[in-house]
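[1] Attaching a predicted model along with its sequence, questions to come.
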Amino acid sequence: MNSRALAALLSSLISELLLLLLLLFPSSNPLTITSNSNSGSNFYETIFPLIHHFLSSAELVTSLSLLSISRKRKRTHQPDLDNEDEEDEPGSELARFELGLTQNPDSFKGCFRMTSSTFEWLSGLLEPLLDCRDPIGSPLNLAPEIRLGIGLFRLATGSDYPEIARRFGVSESITRFCVKQLCRVLCTNFRFWIAFPSPIDLDSLSTSFEALTGLPNCCGVIDCTRFKIVRNNGFKLSPKEEVREESIAAQIVVDSSSRILSIVAGFRGDKGDSRVLKSSTLYKDIEGGSLLNAPPVYMNGVGINQYLIGDGGYPLLPWLMVPFVDPAPGSYEENFNSAHHLMHISALRAIASLKDWGVLRQTIEGEFKMAVAYIGSCAILHNVLLMRDDYSALSDGLGDYSQSPQYCRNASLEESPIERNASVIRSALATRARKFHSSSHSMDPGGSVKAEPR
């Protein structure tokens, strides 16, 4: 057995031994050499957190070490008739057995927000990029699995660099390097995991929204959220230093499954949703006709262009449907707003899932550029997990975003030809929402919308 496998095995055995001691000597039977029960209890209260911390750290590092060993064997194993003895290397089966013991599902989800199988898949995919570009003259000599584990642990838990360094047994500078390297690799080499669908894919995407609400030609939900940041270059501020908290705005577009189709981050948080939209390339591409440019679907003589839906913070446009303001109870407008909210839930869930990543859940401490990289990396990983049917990081609820927004009435809503056209389209959709609502309540299975000839 090589030294790395032996170290991983010993770490695991020590963890099991400590756990056994805790079970054999509970607080009612303190580990003390005196007869004073209070001192024994204090000893137990003191030692338990230390042992618990060691157990969690040992399990984490052992799991990653064994992953590295297992993957290394898969990479280096070559069928060689002259070296058949290496096939049955002593300890290889034991290492695989220990790997199964240490890859606790809850442990992996808590530390990395993904299953162990997704972690191993991602490690193999990113390995060529994580295992290079070390600082000049200072090779890290760290397995790709450890590098990935350090970066993911920062993103998943939001732990500070000293804490991560202690857990993984590396220096703080190496920890910072691994985190930055993972974010750079994801945002540079794998940004294609967030991409606006092709025209063919948009057809199936809009069909899923239509099956949900009866409204045709919807191609996504747009929303904007903010993340808090304190610019301190990643170092704790002293009590004398003034803390200036800012925020970063991030705009996303999602499909009905909460998959992110587009994200843009880096705007100042005090910028309104409408201004963020008009500053984005998404707005320019749609207005320029390079996106959402398929022929319209006709309902009652009204052409319904491909469109997105957004809340009341956005303008009403022919390709952007927002809710009606103060609809009358039981009206067509109220039915439209209900369908609108049902589709909007996918964006609320995506935002809640992003904010469940530890590094984004709390105030981000670091450079503005690094905070943007955190947002982009978590968004990419969000899509990767959905692609693999790994729902470890998908939020069950909607967090603080489930409340219906307060719609802002636009006094100039009917003034421009563009807004009048958008209003006609929205009214036609409201009529369709009413019919779908009625058919759903009467259990009428016929609810699909067919394009009418021009």
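    Sure thing, it's come through.
[2] what is residue 222 paired to in the beta sheet?
    Legend: beta-bridge partners of residue 222 under DSSP bridges are residue 253.
[3] So it sits against residue 255, correct?
    No. The pair residue 222 / residue 255 is not scored as a contact, 11.5 Å apart, by Cβ atoms under 8 Å. For the C-beta atoms, the positions are set from N, CA and C on the backbone; glycine is no exception.
[4] so where is this protein shaky, pLDDT-wise?
    For the chain, residues meeting the criterion pLDDT under 70 lie at 1-105, 137, 233-243, 399-415, 440-454.
[5] quick one: the strands in it?
    Using DSSP state E, the strands found in the chain span residues 218-230, 245-254, 260-268, 297-299, 302-304, 307-309, 320-321, 364-365.
[6] Buried deepest among those strands, which one?
    Comparing the strands of the chain by mean neighbour count (mean count of other Cβ atoms under 10 Å), strand 307-309 ranks first with a mean of 26.
[7] partners of it in the sheet?
    Counting by DSSP bridges, strand 307-309 is paired with strand 218-230 (parallel), strand 320-321 (parallel).
[8] With distance to residue 367 as extra columns, can I get these in TSV?
    Listed next are the strands paired with strand 307-309 as TSV, based on distance: least, Cβ to Cβ, whole Å:
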stretch	distance to residue 367
strand 218-230	9
strand 320-321	33
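[9] a markdown table for the strands of the chain, including distance to residue 127?
    As requested, the strands of the chain are arranged in a markdown table below (distance: least, Cβ to Cβ, whole Å):
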| stretch | distance to residue 127 |
| --- | --- |
| strand 218-230 | 30 |
| strand 245-254 | 29 |
| strand 260-268 | 25 |
| strand 297-299 | 46 |
| strand 302-304 | 47 |
| strand 307-309 | 37 |
| strand 320-321 | 42 |
| strand 364-365 | 28 |
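[10] and of those strands, who's closest to residue 347?
    strand 218-230 (4.1 Å; Cβ to Cβ).
[11] Could you check how far residue 357 is from residue 427?
    Here the distance between residue 357 and residue 427 works out to 40 Å (Cβ to Cβ, to the nearest Å).
[12] quick one, which of the two is more surrounded?
    More crowded of residue 357 and residue 427, by other Cβ atoms under 10 Å: residue 357, with 23 against 16.
[13] what's the burial count for the residue nearest to that one when sequence neighbours are not counted?
    Closest residue in space to residue 357, ignoring its immediate chain neighbours: residue 378 at 4.4 Å, by Cβ to Cβ, 6 or more residues apart in numbering. Close neighbours of residue 378, defined as other Cβ under 10 Å, add up to 26.
[14] swap in residue 314?
    Counted by other Cβ under 10 Å, the residues lying close to residue 314 total 22.
[15] Ramachandran angles for it?
    Per-residue torsions, residue 314: phi -110, psi 160 (degrees, to the nearest 10).
[16] rewinding a little: identify whichever of the strands of the chain lies nearest to residue 390.
    Each of the strands of the chain has some distance to residue 390 by Cβ to Cβ; the shortest is strand 260-268, at 15.3 Å.
[17] can I have that closest one written out in CSV, keeping just the CAs?
    Only the C-alpha atoms of strand 260-268 are listed here, as CSV (Å, rounded to 0.1, in the frame of the first residue of the first chain):
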residue,chain,number,x,y,z
ILE,A,260,-30.2,29.8,-16.2
LEU,A,261,-30.2,30.8,-19.9
SER,A,262,-28.5,34.2,-19.5
ILE,A,263,-26.8,36.0,-16.6
VAL,A,264,-25.1,39.4,-16.4
ALA,A,265,-23.5,40.6,-13.2
GLY,A,266,-21.3,43.5,-12.2
PHE,A,267,-23.8,46.5,-12.2
ARG,A,268,-24.0,48.6,-9.1
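[18] Against which helices or strands is that strand packed?
    Applying 3 or more Cβ pairs under 8 Å, 6 or more residues apart in numbering; DSSP states H and E, we find strand 260-268 packed against strand 245-254, helix 273-279, helix 281-287, helix 368-387.
[19] can we see that at 7 Å?
    With contacts taken as 3 or more Cβ pairs under 7 Å, 6 or more residues apart in numbering; DSSP states H and E, strand 260-268 sits against strand 245-254, helix 368-387.
[20] can you put those in a markdown table and add distance to residue 153?
    Converted to a markdown table, those look like this (distance: least, Cβ to Cβ, whole Å):
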| stretch | distance to residue 153 |
| --- | --- |
| strand 245-254 | 22 |
| helix 368-387 | 13 |
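[21] who wins for proximity to residue 436 among these?
    Closest to residue 436 of those is strand 245-254 (Cβ to Cβ; 21.7 Å).
[22] and the angle for the closest one with strand 218-230?
    Strand 245-254 and strand 218-230 meet at an angle of 160 degrees, taking axes from the mean of the first three to the mean of the last three Cα atoms, to 10 degrees as the criterion.
[23] Dump strand 245-254 to CSV, restricted to CA.
    The C-alpha trace of strand 245-254 is given here as CSV (Å, rounded to 0.1, in the frame of the first residue of the first chain):
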residue,chain,number,x,y,z
GLU,A,245,-21.3,47.7,2.4
GLU,A,246,-22.3,47.8,-1.3
SER,A,247,-24.3,45.6,-3.5
ILE,A,248,-23.9,44.0,-7.0
ALA,A,249,-26.9,43.6,-9.3
ALA,A,250,-27.2,40.4,-11.3
GLN,A,251,-29.8,39.8,-14.1
ILE,A,252,-30.8,36.3,-15.0
VAL,A,253,-33.2,34.7,-17.5
VAL,A,254,-34.4,31.1,-16.8
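[24] Run through who's touching that strand.
    Residues outside strand 245-254 that contact it (Cβ atoms under 7 Å, 6 or more residues apart in numbering) are 220-230, 260-269, 271, 276-277, 280, 282, 308, 346-347, 350, 363, 371-372, 375.
[25] Among the helices and strands packed on strand 260-268, which comes closest to residue 118?
    Here helix 368-387 is closest among the helices and strands packed on strand 260-268 (Cβ to Cβ), at 6.6 Å.
[26] between the closest one and strand 245-254, how many degrees?
    Going by the same axes, to 10 degrees, helix 368-387 makes 30 degrees with strand 245-254.
[27] Can you list the neighbours in contact with helix 368-387?
    For helix 368-387, using Cβ under 7 Å, 6+ apart, the contacting residues are 114, 118, 122, 155, 182-183, 186-187, 190-191, 193-194, 227, 229, 231, 248, 250, 257, 259-260, 263, 265-266, 353-354, 357, 359-360, 364, 392-393.
[28] Give the buried residues for it.
    For helix 368-387, the buried set under the neighbour-count rule, 16 or more other Cβ atoms under 10 Å, comprises 370-386.
[29] does the residue nearest to residue 267 when sequence neighbours are not counted have beta-bridge partners, and which?
    Nearest non-adjacent residue to residue 267, counting by Cβ to Cβ, 6+ apart: residue 249, 4.2 Å away. Counting by DSSP bridges, residue 249 forms beta bridges with residue 226, residue 267.
[30] what about residue 394, neighbour count?
    Residue 394: 17 neighbours (other Cβ under 10 Å).
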